[in-house]
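Q: A structural model of the following input is requested.
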Amino acid sequence: MFIATLIAAERIGAGDISAAADRLAAAGCAPGAGAWIEEGRAADVPFAHGPDLARGVLEGAFAATDVVVQPAAGRAKRLLIADMDSTMITVECIDELADYAGIKPQIAEVTERAMRGELDFAAALDARVALLKGLGEDAIERCLAERVRITPGAEALVKTMRANGAETILISGGFTRFAEPVARRIGFGRAIANRLMIADGVLDGTVAKPIVDSATKEATLVEAIATLALDPAATLAVGDGANDLAMIRRAGLGVAFHAKPIVAAAAGARIDHGDLSTLLYAQGYARDRWVLE
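A: Numbering: from 1, shown residues only. As a prediction, the model looks like this:
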């Protein structure tokens with residue numbers, strides 16, 4: 001059996017559940033009776049077969065509503081691996097650092113192209129970091145305090161999954177000086193990111209090698225699956241950029257979160273409307289089961 005979960009950024013009604021079941025029936029998916037996870041916000045519609053067909057007929061069919069289609073068994077995941085910039089936080093840290101150096105537009109353009117998959121990630125990172133040479137180390141702490149904001153729903157997602165026995169890993173093509181405090185604040189078990197090289201209180205324009213990139217993210221997922229002796233289906237990966245594609249494709253539930261087109265097109269699920277709490281509803285967690293402390 002499979003489940004199609006409708007998660008509204010605003011509100012859905014009983015009529016939307018019925019309409020979803022009708023669409024599934026017309027597609028030959030043999031739906032069962034829908035049920036609320038949380039009335040007005042999220043609902044499940046079970047069905048017997050045709051998950052790709054189901055996704056095709058449901059995505060975009062309901063206003064401001066995300067749809068996650070997956071097997072019914074094992075929907076509560078045992079491993080979360082997540083990107084940081086523009087996923088667990090609302091900004092791209094390197095772009096914001098560049099603002100302190102007065103070159104944000106120049107660097108942000110390269111970041112956007114890299115995240116769209118138009119540039120080699122490692123080469124683009126090296127080029128951008130080189131432009132930050134001479135920026136004072138104090139800009140990192142200023143940026144962290146003034147610019148970095150946690151994405152709504154991130155803390156609930158991570159803390160609820162950990163409270164239910166899941167391993168959580170934050171992995172970023174950005175920098176440890178941001179990823180480590182962000183991971184602590186949100187509640188991740190581990191953080192992996194690149195290390196900016198600093199000498200005499202200023203950035204020296206380089207990043208330590210090897211660079212954390214798409215291959216690193218995928219390898220971290222594969223290693224965690226082996227270490228924890230997990231079924232790959234028990235894993236959830238979420239990100240927004242091209243360097244997240246490999247881990248998204250490898251995970252049991254790979255999610256494109258407000259993502260670049262190349263990622264949204266390839267992911268098993270896409271979140272276009274809601275915040276990260278959408279991924280709690282997708283796992284069957286109603287709000288009264290969320291962990292916020």
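
Q: so where do the strands sit in the stretch 101-250 of the chain?
A: For the stretch 101-250 of the chain, the strands defined by DSSP state E, counting those that start in this stretch cover 167-175, 190-194, 196-199, 202-207, 235-239.

Q: and for the chain, the residue most distant from the center?
A: Most distant residue from the mean C-alpha position of the chain: residue 200, 35.6 Å away (Cα atoms, centre = their mean).

Q: helices along the stretch 51-200 of the chain, start to end?
A: Counting by DSSP state H, counting those that start in this stretch, the stretch 51-200 of the chain has helices at residues 51-58, 93-100, 104-115, 121-131, 138-146, 154-163, 176-186.

Q: now do the last one against helix 93-100, angle only.
A: Relative orientation of helix 176-186 and helix 93-100, computed by axes from the mean of the first three to the mean of the last three Cα atoms, to 10 degrees: 120 degrees.

Q: circling back to that earlier point, most packed of the strands of the stretch 101-250 of the chain?
A: Counting by mean count of other Cβ atoms under 10 Å, strand 235-239 has the highest mean neighbour count of the strands of the stretch 101-250 of the chain, with a mean of 29. Where you see a C-beta, it was placed from the backbone N, CA and C, and this is true even at glycine.

Q: what helices and strands are in contact with it?
A: Packing partners of strand 235-239 (3 or more Cβ pairs under 8 Å, 6 or more residues apart in numbering; DSSP states H and E): strand 79-82, helix 214-227, helix 245-250, strand 253-257.

Q: quick revisit: and the residue farthest from the centre of the chain, how far from residue 137?
A: Applying Cβ to Cβ, to the nearest Å, the value for residue 200 to residue 137 is 9 Å.

Q: only alpha carbons, please: show stretch 146-164 as CSV.
A: Provided in CSV are the C-alpha atoms of stretch 146-164 (Å, rounded to 0.1, in the frame of the first residue of the first chain):
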residue,chain,number,x,y,z
GLU,A,146,22.7,39.4,11.9
ARG,A,147,21.8,37.4,8.9
VAL,A,148,21.4,33.7,9.6
ARG,A,149,17.8,32.7,10.4
ILE,A,150,16.5,29.2,11.0
THR,A,151,13.9,28.0,8.6
PRO,A,152,10.5,27.6,10.2
GLY,A,153,9.8,24.0,11.1
ALA,A,154,13.5,23.0,11.2
GLU,A,155,13.8,22.6,14.9
ALA,A,156,10.5,20.7,15.2
LEU,A,157,11.5,18.4,12.4
VAL,A,158,14.9,17.5,13.8
LYS,A,159,14.0,17.3,17.5
THR,A,160,10.9,15.3,16.8
MET,A,161,12.8,12.8,14.7
ARG,A,162,15.6,12.5,17.2
ALA,A,163,13.0,12.0,20.0
ASN,A,164,11.7,9.1,18.0
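
Q: give me the distance between that stretch and the centre of its chain.
A: Centroid separation for stretch 146-164 versus its chain: 11 Å, with Cα atoms, centre = their mean, to the nearest Å.

Q: same question, stretch 31-42
A: On Cα atoms, centre = their mean, the centre of stretch 31-42 falls 24 Å from that of its chain.

Q: and it, end to end?
A: Terminal residues of stretch 31-42 lie 17 Å apart, using Cα to Cα, to the nearest Å.

Q: what do you get for stretch 61-76?
A: 25 Å.

Q: and that stretch, which residues are buried?
A: Neighbour counts using 16 or more other Cβ atoms under 10 Å place 62, 65-70, 75-76 of stretch 61-76 among the buried residues.

Q: and those as TSV, adding distance to residue 125?
A: Formatted as TSV, the buried residues of stretch 61-76 follow (distance: Cβ to Cβ, whole Å):
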residue	distance to residue 125
62	39
65	36
66	31
67	34
68	31
69	34
70	33
75	35
76	35
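
Q: of those, closest to residue 224?
A: Distance to residue 224 across those (Cβ to Cβ) is lowest for residue 76, with 16.8 Å.

Q: hang on, the earlier thing: residue 122 is nearest to which of the helices and strands packed on strand 235-239?
A: Here helix 214-227 is closest among the helices and strands packed on strand 235-239 (Cβ to Cβ), at 9.3 Å.

Q: now the angle from that closest one to strand 167-175?
A: Going by the same axes, to 10 degrees, helix 214-227 makes 160 degrees with strand 167-175.

Q: list the contacts of the residue lying closest to residue 254 once chain neighbours are set aside.
A: Computed as Cβ to Cβ, 6 or more residues apart in numbering, the closest residue to residue 254 that is not its neighbour in sequence is residue 248, at 3.4 Å. Residue 248 sits next to 237-239, 254-256, 263, 266-268 when contact means Cβ atoms under 8 Å, 6 or more residues apart in numbering.
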